[in-house]
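> How does the following fold in three dimensions:
(one chain, ligands or ions: 1)
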Amino acid sequence: MAKPLVAVLSGAGISTDSGIPDYRGPNGLWRRDPEAEKLVTYAYYMGDPEIRRRSWQMRRKNRALTAEPNAAHRAVAELERSGVPVRVLTQNVDGLHQRAGLPDRKVLELHGNVREFVCTKCHARGPMEDALARVEAGEDDPPCLECGGILKSATVMFGQSLDPVVLGEALSISKACTVFIAVGSTLQVQPAAGLAGVAADHGARLTIVNAEPTPYDDLAAEVVREPIGTALPGLLSALAGQYGG
Ligand SMILES: [Zn+2]
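Okay, here's the model as predicted:
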């Protein structure tokens with residue numbers, strides 16, 4: 001029997017056990033605090049040096065840079081190691097799937113990542129720790145060393161489009177997969193959320209693991225409300241038993 005392709009769409013809920021709050025979801029911290037939301041809104045960031053200074057101070061304290069993967073991240077990495085083809089589409093920017101052992105090429109980061117900085121002018125990139133070291137050393141809004149442009153984290157801010165290459169690849173995976181598991185996502189932020197619908201339309205078996213109802217629950221073959229940290233390892237080890245080896 002041909003091996004299935006398992007697609008896992010992960011949202012903020014998979015990382016809350018790692019101590020990372022939901023920042024950007026519909027009820028996330030940023031949405032509830034207009035001043036905080038400005039720090040991650042592209043037009044404000046580009047237009048106001050004070051917003052950038054506060055953003056760099058926020059990045060210094062970003063828990064995502066020091067958080068550890070939890071049982072759910074490890075379960076996804078273990079499924080991949082069991083021989084089942086797995087691709088992760090994540091709305092998270094914390095890099096915890098990779099830190100749990102999943103190869104970089106298996107993870108599509110729909111909203112970018114916090115491990116790197118990027119220049120808004122020449123698109124030069126580098127490790128976030130290099131930019132933060134400059135902030136620690138006294139540059140409160142460090143400019144690009146290549147071109148003098150404004151630097152930001154390599155995340156997709158509010159008001160920015162998703163990378164069309166990443167999104168195109170996510171669509172292809174959603175169409176091709178046999179199993180699509182949406183975990184810890186309210187499935188309310190487009191276009192990422194629509195991937196669950198695309199997968200179901202193309203015949204994938206849709207499983208939703210989320211504490212709250214989502215707009216796609218009716219399309220799902222299975223809806224799981226139990227805590228992700230215990231529910232996902234069980235679900236994925238059953239898949240590994242079925243398809244792995
Ligand atoms: Zn530059």
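> Do I have it right that G149 meets F117?
No. The criterion here is C-beta atoms under 8 Å, and G149 misses it with F117 at 11.1 Å. (Each C-beta comes from the backbone N, C-alpha and C, glycine too.)
> what about the two, which has more around it?
Remark: of G149 and F117, F117 carries more neighbours, 23 against 16, as counted by other C-beta atoms under 10 Å.
> Can you verify that one is assigned to a strand?
Yes. According to DSSP: H, G, I helix; E, B strand; the rest coil, F117 belongs to a strand.
> Show the contacting residues for the closest residue in space to it that isn't next to it in sequence.
Nearest non-adjacent residue to F117, counting by C-beta to C-beta, 6 or more residues apart in numbering: A131, 4.3 Å away. Going by C-beta atoms under 8 Å, 6 or more residues apart in numbering, A131 touches 56, 59, 117, 142, 151.
> center of the protein, which residue is that?
With distances taken as C-alpha atoms, centre = their mean, N92 lies nearest the centre of the chain, 2.0 Å away.
> What's the separation between the nearest residue to that one once chain neighbours are set aside and the ion?
Using C-beta to C-beta, 6+ apart and skipping residues adjacent in sequence, the residue nearest N92 is S15, 5.6 Å away. S15 is 30 Å from the ion, where distance means C-beta to the ion, to the nearest Å.
> now E212
41 Å.
> I'd say that residue and L187 touch.
No. Taking contacts as C-beta under 8 Å, E212 lies outside contact range of L187: 9.8 Å.
> between the two, which one's more packed in?
L187 (23 against 11).
> That one: what's it in contact with?
11, 193, 196, 208, 210, 214-216.
> Dump those to CSV, plus pLDDT.
What follows is these, written out as CSV (pLDDT from 0 to 100):
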residue, pLDDT
G11, 95
A193, 88
A196, 96
I208, 98
N210, 95
T214, 94
P215, 95
Y216, 96
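> Tell me the residues of the protein that contact the ion?
Residues of the chain lying near the ion by C-beta under 5 Å from the ion: 119, 121-122, 124, 144, 146-147, 149.
> which residue sits closest to E68, ignoring its sequence neighbours?
Nearest to E68 is S18, by C-beta to C-beta, 6+ apart, at 6.0 Å.
> part of a strand, is E169?
No. Using three-state DSSP, the assignment for E169 is helix, not a strand.
> Pull the contacting residues for it.
L108.
> same thing but at 10 Å, please
E169 is in contact with 87, 89, 108, 110, 163, counting by C-beta atoms under 10 Å, 6 or more residues apart in numbering.
> If you count neighbours, what's buried in stretch 105-123?
Across stretch 105-123, burial judged by 16 or more other C-beta atoms under 10 Å covers 106-119.
> Let me know the closest of those to the ion.
Nearest to the ion, judged by C-beta to the ion, of the buried residues of stretch 105-123 is C119 at 3.1 Å.
> what about the closest one, distance to V183?
Counting by C-beta to C-beta, to the nearest Å, the gap between C119 and V183 amounts to 33 Å.
> Format the buried residues of stretch 105-123 as a markdown table; extra columns: pLDDT and distance to L29.
Below are the buried residues of stretch 105-123 laid out as a markdown table (pLDDT from 0 to 100; distance: C-beta to C-beta, whole Å):
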| residue | pLDDT | distance to L29 |
| --- | --- | --- |
| K106 | 97 | 29 |
| V107 | 98 | 24 |
| L108 | 97 | 24 |
| E109 | 97 | 20 |
| L110 | 96 | 19 |
| H111 | 94 | 15 |
| G112 | 96 | 18 |
| N113 | 94 | 19 |
| V114 | 93 | 15 |
| R115 | 92 | 20 |
| E116 | 95 | 22 |
| F117 | 97 | 22 |
| V118 | 98 | 23 |
| C119 | 98 | 27 |
